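# quick one: sequence plus predicted model below, questions after.
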Amino acid sequence: MARVLTNNTSLRVATETSIGVLPGTPQWTVVEFDTIGAYGAVLTTTVRRPISQDRGRKKGTVTNLESSVEYDTDLTFEAFRLFAEGFMFSEFTNVEFNLRATTGTVPPPAVAAGGVFTIDAASTLLAGKMQYGAATVQTLLFAKGYTNAVNNGLHVLAADVAGTNTSVDVSTVLVDETPPSNATLEVCGIRTDDLTMAISGSTLTLTSAADLNWTTIGLTVGQEIHIGSMDVSGVVQNAYDDGGTDDVYGYARITAITATVLSCDKIDPIIAAASGSSPFSPETIDIMFGNFLRDVAVTADSDDTRYLERTFQFEAVFPDLGGIGTDQYEYAIGNFANELSFNFPLQDKSTVNFGFIGTNADDITGTRKTGASTAKSPLRNTAFNTSSDVQSLTTDLISSVSDVCFKSLTLTARNNVSPEYCLGTLGATFVNAGLFEVDVEGQMLFTSASIINAIKNNTTVTFASIFRNEDGAIAYDIPEATASGGGREYPLDQSVLVNLVLQAFTSDTFGYSMGISLFPAVPGVLSS
């Protein structure tokens, strides 16, 4: 008897061009999962129950099909980035920062003779954001997954890039290679020697001379940056000097951008503590950044036109279902991202639950769809933990950052997706996207009465968290929210706890409920 073992089951996913339709050469990606809560079609059969002397039901008919995909997995950089745009119904800024090669399905850039990365012809948009000004300003790139170690890591642009260029020259001496299919080369920041930094309380300004124009390099209000990059050991380099080597570094959120001035708030405590030496004179400084994502308005006349309805198609592989040695496949199609839930337990790894609402599912078949057998494996798959990988976890429910102590957190984003059915069709014909809602449910130490006062007074508060490991960093920012709850727990021999829920709403200042910044690379520890 053939049977399907859970441990042998696998999932893959590809992005559709329209609901239920794959591109001609789809890029499939292997999906890692811990548990699967739902997959594919669930059918409803309505039986006939006529009044009859034989006292039995009559054969019914299939009347409904509901399709969904839901699974839990460890939170990794790649697991989140794969579906981030789908859940936010929005497109990343700087999507062109992930450089591609010229042949095949979005392969990574090869290293060609002469030690340059070969890319698809650089777009005018990408070329405009990549900066090279000899000794004054250079774009930074980060490579990961290449076979030759010297090709990986931080690279500094060594020549200007024009809109028609098919190569990127860096200062590193590279080794020729055709990399694995999941390798990446991404723009990750800027290096400059003309910045003056000034700190005032919880805000900072970075003022540039004429060589660096902040408005042209791809930064967005609300996006997180990091002052300082990492050397080959991962420690901080090219940060500001406040009496020690590169000892003023960390994260900040952009609040305003002009050609010469970058204004920021939510600055790292290490930066805020250095305010006594402000302003800092220009020196060689690296500013790290990457992609930015936030919820946007649907309307075409919105200030942000990045609204995007993205659907996904999943493949489940059932080994031996067609007999010993014969695999069969089920395709769940037209899946809209519905609910995303990040779980941050105490002293553990972070996990995430993905929930999708689909339109239909194909019949289980022995025929595999194009490209699925050569699916790309995730590269950045190190799980984030909730102790050493938490770079920042803040809320102004409490005035002092040092008094903020969360015991557990769950951050949930919902699109309130619902299927739309029509007569004559089995399965959903359309899918409706509802309101985008973000909630943070947490348990805190009862360190200040201001927690309860903020709930009673319906005070507008903020929340931010930054997680970082060897694969990069993910920063979540909720500009404005209100809190509810406030119930306390009194565990014996422990601290009093407060349970609360933060409910985000669209910020009048930033225009979104949640912003997410992705960094391909940031430093891990302070330089000695």
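Yes, it's here.
# you'd agree residue 341 is up against residue 409?
No. Here residue 341 lies out of contact with residue 409, judged by Cβ atoms under 8 Å, at a distance of 10.9 Å. Bear in mind the C-beta positions are built from the backbone N, C-alpha and C, glycine included.
# more neighbours: which of these two?
residue 409 (22 against 17; other Cβ atoms under 10 Å).
# contacting residues for the more buried one?
Residue 409 makes contact with 342, 343, 344, 393, 440, 441, 442, 465 under the criterion Cβ atoms under 8 Å, 6 or more residues apart in numbering.
# which of the helices or strands spans it?
Using DSSP states H and E, residue 409 sits in strand 406-414.
# so for whichever helix or strand comes after that strand, mean pLDDT?
Going down the chain from strand 406-414, the next helix or strand is strand 418-420, by DSSP H and E. Mean per-residue pLDDT for strand 418-420: 90.
# need the residues that contact strand 418-420.
Outside strand 418-420, the residues that reach it (Cβ under 8 Å, 6+ apart) are 66, 357, 359, 428, 429, 430, 431, 432, 434.
# switch to 10 Å and redo it
64-68, 334, 336, 338, 357-360, 427-434 (Cβ atoms under 10 Å, 6 or more residues apart in numbering).
# just to revisit the earlier point, selection in ChimeraX covering whichever of the contacts of residue 409 are buried, please.
Typed into ChimeraX, the line below selects the buried ones among the contacts of residue 409, using 16 or more other Cβ atoms under 10 Å:
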select :342,343,344,393,440,441,442,465
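# closest one to residue 141 out of the contacts of residue 409, please.
Using Cβ to Cβ, residue 465 comes nearest to residue 141 of the contacts of residue 409, at 26.8 Å.
# can you give me the helices for the stretch 351-500 of the chain?
Ranges of helices within the stretch 351-500 of the chain are 450-456, based on DSSP state H, counting those that start in this stretch.
# before we move on, the earlier item: the strand holding residue 409 pairs with which strands, parallel or anti?
Its sheet considered, strand 406-414 pairs with strand 328-344 (antiparallel), strand 437-445 (antiparallel) by DSSP bridges.
# what mean pLDDT does the first one get?
Rounded to a whole number, the mean pLDDT of strand 328-344 is 96.
# about what we covered before: as CSV, the contacts of residue 409 with distance to residue 326 would be great.
Below are the contacts of residue 409 laid out as CSV (distance: Cβ to Cβ, whole Å):
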residue, distance to residue 326
342, 39
343, 38
344, 42
393, 50
440, 47
441, 46
442, 49
465, 46
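# where does this protein have low pLDDT?
1, 102-106, 134, 300-304, 525-528 (pLDDT under 70).
# show me the domain layout of it.
Per automatic domain parsing, the structural domains of the chain span 6-89+306-518, 95-191, 193-285.
# distance to residue 524 for those - can I get that in CSV?
Listed next are those as CSV, based on distance: least, Cβ to Cβ, whole Å:
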stretch, distance to residue 524
domain 6-89+306-518, 7
domain 95-191, 13
domain 193-285, 5
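# ok, back up a step: can you dump the C-alpha atoms of the strand holding residue 409 in CSV for me?
The C-alpha trace of strand 406-414 is given here as CSV (Å, rounded to 0.1, in the frame of the first residue of the first chain):
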residue,chain,number,x,y,z
PHE,A,406,8.4,42.5,27.1
LYS,A,407,8.0,38.9,28.2
SER,A,408,6.3,37.9,24.9
LEU,A,409,5.0,39.4,21.7
THR,A,410,2.7,38.5,18.8
LEU,A,411,2.6,40.9,15.8
THR,A,412,-0.3,40.2,13.5
ALA,A,413,-1.2,41.8,10.1
ARG,A,414,-4.6,41.1,8.6
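# quick one: contacts for the residue positioned nearest the centre of the chain?
In the chain, the centroid-proximal residue (Cα atoms, centre = their mean) is residue 81; its distance is 4.1 Å. Listed by Cβ under 10 Å, 6+ apart, the contact partners of residue 81 are 92, 98, 291, 293, 378, 380, 471, 472, 474, 516, 518.
# that one belongs to a strand?
No. Residue 81: not assigned to a strand; according to DSSP: H, G, I helix; E, B strand; the rest coil it is helix.
# so how many other residues sit close to residue 488?
Neighbour number of residue 488 under other Cβ under 10 Å is 12.
# please disregard the earlier target; I meant residue 373.
11.
# same check, this time on residue 178
16.
# one more: residue 128?
Every residue meeting other Cβ under 10 Å relative to residue 128 is counted, giving 16.
# again, but for residue 173
Neighbours around residue 173, by other Cβ under 10 Å: 8.
# contact partners for it?
115, 150, 151.
# which one of those residues is nearest residue 28?
Of the contacts of residue 173, the one sitting nearest to residue 28 (Cβ to Cβ) turns out to be residue 151, at 25.5 Å.
# now do the same contact list for that closest one.
Here residue 151 is in contact with 109-111, 115, 117, 143-145, 170, 172-177, 179, 183, 185 (Cβ under 10 Å, 6+ apart).
# and residue 358, bridged to which residues?
With DSSP bridges applied, residue 358 shows beta-bridge pairing to residue 67.
# surely it and residue 334 touch.
Yes. Counting by Cβ atoms under 10 Å, residue 334 is a contact partner of residue 358 at 5.2 Å.
# more neighbours, these two?
A count of neighbours by other Cβ under 10 Å puts residue 358 above the other of residue 358 and residue 334, at 32 against 25.
# how much space between that one and residue 26?
Using Cβ to Cβ, to the nearest Å, one obtains 16 Å as the distance from residue 358 to residue 26.
# likewise for residue 11?
15 Å.
# contacts only, for the nearest residue to residue 74 once chain neighbours are set aside.
Of all residues not flanking residue 74 in the chain, residue 383 sits nearest, at 4.0 Å (Cβ to Cβ, 6 or more residues apart in numbering). The contact partners of residue 383, taken as Cβ under 10 Å, 6+ apart, are 32, 73-77, 79, 348-351, 389, 469, 471.
# residue 391 versus residue 383, what's the distance?
In terms of Cβ to Cβ, residue 383 sits 16 Å off from residue 391.
# next one: residue 287
Where residue 391 is concerned, residue 287 sits at a distance of 17 Å (Cβ to Cβ).
# more crowded one of the two?
A count of neighbours by other Cβ under 10 Å puts residue 287 above the other of residue 287 and residue 391, at 25 against 19.
# quick check, the more buried one in a strand?
Yes. Secondary structure assignment places residue 287 in a strand (three-state DSSP).
# quick check: beta-bridge partners of it?
residue 190, residue 227.
# quick one: contacts for it?
Residue 287 touches 140, 188-192, 195, 206, 212, 214, 217, 219, 225-229, 238-239, 252, 262, counting by Cβ under 10 Å, 6+ apart.
# would you agree residue 157 is in contact with residue 168?
Yes. Counting by Cβ under 10 Å, residue 157 touches residue 168, with 7.2 Å between them.
# which neighbours do the two share?
130, 139, 141, 187.
# how far away is the residue located most distally from the centre of the chain from residue 210?
Largest separation from the mean C-alpha position in the chain: residue 53, at 62.5 Å (Cα atoms, centre = their mean). For residue 53, the distance to residue 210 equals 96 Å [Cβ to Cβ].
# check residue 357 too.
On the measure of Cβ to Cβ, residue 357 and residue 210 end up 52 Å apart.
# who has more neighbours out of these two?
residue 357 (24 against 10).
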